[in-house]
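1. Below: sequence and its predicted model.
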Amino acid sequence: MFGLTAPELARIQFGFTVSFHIIFPAITIGLASYLAVLEGLWLWKKDTVYRDLYHFWSKIFAVNFAMGVVSGLVMAYQFGTNWSYFSTFAGSITGPLLTYEVLTAFFLEAGFLGVALFGWNKVGPGLHFFATIMVATGTLISASWIMASNSWMHTPAGFEIINGRVVPVDWLKVIFNPSYPYRLAHMVVAAYLATALFVGASGAWHLLNRRHTRTARTMFSMAMWMVLVVAPLQIAIGDALGLNTLKHQPAKIAAIEGHWENRPGVTVPLVLFGWPDMESETTRYAVEIPYLGSLILTHDWKGRIPGLTEFAPEDRPNSTIVFWSFRIMVGLGLLMLLLSVWSLWLRWRRRLFRSRLFLRYAVLMGPSGLIAILAGWYTTEIGRQPWVVYGVMRTKDAVSNHSALTLSTTLIVIIVMYFAVFGTGISYMLKLVAKGPQAGGPGDVASERGAQSRRPSRPLSAVPDSFDPDVS
Amino acid sequence: MGIDLPLIWAIIIGFGLMMYVIMDGFDLGIGILFPFIHDRHDRDTMVNTIAPVWDGNETWLVLGAAALLAAFPLAYSVILSALYLPLVLMLGGLIWRGVAFEFRFKADEAHKPFWDKAFASGSYIATFSQGVALGTFITGFEVTGGAYSGGGLDWLTPFSLCTGFGLVAAYALLGSTWLVMKTEGALQDRMKDLARPVTITVLMTIAIVSVWTPLSHPAVAARWFSLPNIVFFAPVPILVLLVTWAILRTLRQDSHAAPFLFALVLLFLGYSGLAISLWPNIIPPSISIWDAASPPESMGFTLVGALFIIPFILAYTTWSYYVFRGKVRTGEGYH
């Protein structure tokens, strides 16, 4: 297809499926913790605004979670179907980590999700709160294991290669490999940030339309506090991950910066914009700020980083792509920082809910967290190339023996289906958001029906959550 | 010699896959039965019997894949790349029906029938593909130098298509008897009517596969029909007949849970029959669990967690089923 080789098609297929997938777990991680906080506040303060928000976001969570489960299922099989040599070679490490994720996280989430979503009237409030916390805990445990596996592929440690296969010799070193703490923190905080921006945009949208004012104010205010804390935190973590990457994957940093060679007596400038050209080994049209690159990358005015030409051409990642994906991520991060500082200013001036310009900005920033997550993942994964396990196994040696025809066929099927299914799902999520929180809810339903039936009905049976045709 | 890690892992993975077949079996079965039920409220009731538990059921399939990668990376690589196309179809079917759980309640009126069709067709595709994968697994894979060396369409055989149909019937049996247990009134009666022909179909498929497998696989024939094995294994087919009779009998009586429990036993018997046929190969026809095993460091590390955590998983899964016990009635809405 389009003259692409089988390994390229396999990479596109993996990149496509994992890009769709990551959106859902990121929102799942953020919303699960948010739901736990909301339910805790409801039990503590008995203010119905928290209960209504809980039920509002749990419906969106349900749609999102279902899409995360089914798109994640694909990932668990794709390592074998498309990357069989990688799985044979390194399954002894990635397999146990994935198995621990399933055992400690997936079952926990799935086991308690049923009660969290459907059990509001079937178990006591304490037990229901416990179920919500278990779901949230499960999402964080899940991130911990999968990030261990991913980080190991970036900075492999604690293993030997015996008879052409990886053998783990020290599991603590495997799991707590050199980049693991940074990657895990960066991903979890990214999930919280993306969710806060999404929740904030939903609140801002309703405030702009002057609907659901009380619940909208609460969620908007909570989201802006969250952004205020995690946006600067994320920038600090990102900086630390950058230093770590410079130490372990210098070629990736050189590619991100479009930095080709060190000239005598000149420190590393910060290339704001430009077009890295892999053929001519230069960054065209570069707009540079002297010294700043050294300061940011090494925390030293006179620091140096290796240039890309110091690496053999077959060991270089594609600078053109990661240069730009990185700048998209950082640019969005700076816009998030602006949002957080602005929100603090408006809150101090007591105009947080009234500045229409700010509310519009918050709506626009709704998807920015997810876009930044995708851009960040493209940067780190394309920046790892040409390796699948950094310095140990090349991507071209990892791929299964499928023909380009087979891969093209499945790729087309997957692309059509993903856009149809997940596009529809995302549109349903947005419609639920647009519909807004409903007052009352299952708590009230239970008290009405409690007298009639010993076994109370399913939650929200009085509040059909389908859309009116005129709404949708 | 220490503990036989590959043996223990084969048992754990076998257990996990059996849990999957049984549990996702009845909820895929609900989708398979959808075309026979036209009433909107009945369909909602059917889906509501499984809505709180389906993703837990599907997690066993993820465990199967992950544990296979951890314990037998070679088997994971060879089997999954050989079954690439049926697995893509299976995953597609599971996505299609998985999102339909949510979408068929969230869609506007005009699109609800569409997601009902998606739920049913996804369930058929996923089940049929699993059956095809099973048939291909029984037949075996061409392996050269530690990698699959057969063609992309080797899985497409009359035998694998037969096992594909067989699994559709088996899941329909689990689904219909599950609904006999979980529903009441007209819907329950309809399920009792459907369960009878489905039971006969399952029995016939088991018979066909049981005759076909040894005829085309001499090693399987030798396993079953040599002395003293034939004496040890004879109870399996006899029990299959007895259990089938029990399902049909309890369906005629006023018992609610018994047909489902007997259907579980029937599936377990079929499953153990397969295990007898293929043991100890994990990549049939000739690579055993010991040949495909991952290093003991990997198996041991994962085993500690598995033995400690699986009991907890079983405990809270049971609790979740207990919370949602009893009949599901029409009009009991969704979340």
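-> In hand now; what should we look at?
2. What is the neighbour count of the nearest residue to B:Gly164 once chain neighbours are set aside?
-> Distance criterion Cβ to Cβ, 6 or more residues apart in numbering or on different chains; nearest residue to B:Gly164, sequence neighbours excluded, is B:Gly131 at 3.6 Å. For glycine as for every other residue, the C-beta is placed from the backbone atoms N, C-alpha and C. B:Gly131: 25 surrounding residues under other Cβ atoms under 10 Å in any protein chain shown.
3. Tell me which residues touch B:Gly131, please.
-> B:160, B:163-168 (Cβ atoms under 8 Å, 6 or more residues apart in numbering or on different chains).
4. show me where pLDDT drops low in chain B?
-> Residue ranges of chain B with pLDDT under 70: B:1, B:331-335.
5. Which residue lies nearest the spatial centre of it?
-> Taking Cα atoms, centre = their mean, the centroid of chain B lies closest to B:Val21, which sits 2.2 Å from it.
6. isn't it right next to B:Leu267, touching?
-> Yes. Counting by Cβ atoms under 8 Å, B:Leu267 is a contact partner of B:Val21 at 6.4 Å.
7. Let me see the contact set for the residue nearest to the centre of chain B.
-> B:267, B:271.
8. Which strand or helix spans it?
-> Here B:Val21, judged by DSSP states H and E, is contained in helix B:5-33.
9. following that helix, which helix or strand comes up?
-> helix B:40-48.
10. quick one: the strands in the chain?
-> Went with chain A since none was named. Counting by DSSP state E, chain A has strands at residues A:159-162, A:165-168, A:270-277, A:282-289, A:387-389, A:393-394.
11. That was the other one, I meant chain B.
-> Secondary structure of chain B by DSSP E: the strands cover B:143-144, B:147-148, B:281-283, B:287-288.
12. And stretch B:290-298, what's buried?
-> By neighbour count on 16 or more other Cβ atoms under 10 Å in any protein chain shown, the buried set for stretch B:290-298 is B:292-295, B:297-298.
13. so does that stretch get close to chain A?
-> Yes. Using Cβ under 8 Å from any Cβ of the partner chain, we find that stretch B:290-298 touches chain A at B:294-295, B:297-298.
14. That stretch: end-to-end distance?
-> Stretch B:290-298 has an end-to-end distance of 14 Å (criterion: Cα to Cα, to the nearest Å).
15. any idea how far that stretch is from the chain center?
-> Here stretch B:290-298 is found 26 Å from its chain centre; the criterion is Cα atoms, centre = their mean, to the nearest Å.
16. got any ranges where the stretch 351-472 of chain A has weak pLDDT?
-> Using pLDDT under 70, the stretch 351-472 of chain A drops low at A:440-472.
17. Can you show me the helices along chain B?
-> Remark: helices assigned in chain B by DSSP state H are B:5-33, B:40-48, B:54-71, B:73-82, B:84-106, B:112-139, B:158-182, B:185-216, B:218-225, B:229-233, B:235-252, B:258-278, B:296-323.
18. if we can go back for a sec, can you pull the buried residues of the helix holding B:Val21?
-> Buried, per 16+ other Cβ under 10 Å, within helix B:5-33: B:5-6, B:8-10, B:12-14, B:16-33.
19. Return the angle between stretch directions for that helix and helix B:185-216.
-> Angle of helix B:5-33 versus helix B:185-216, following axes from the mean of the first three to the mean of the last three Cα atoms, to 10 degrees, is 130 degrees.
20. For my notes, please list the contacts of B:Gly131 in a markdown table and give neighbour count for each entry.
-> Below are those laid out as a markdown table (neighbours: other Cβ atoms under 10 Å in any protein chain shown):
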| residue | neighbour count |
| --- | --- |
| B:Ser160 | 21 |
| B:Thr163 | 28 |
| B:Gly164 | 21 |
| B:Phe165 | 17 |
| B:Gly166 | 22 |
| B:Leu167 | 27 |
| B:Val168 | 23 |
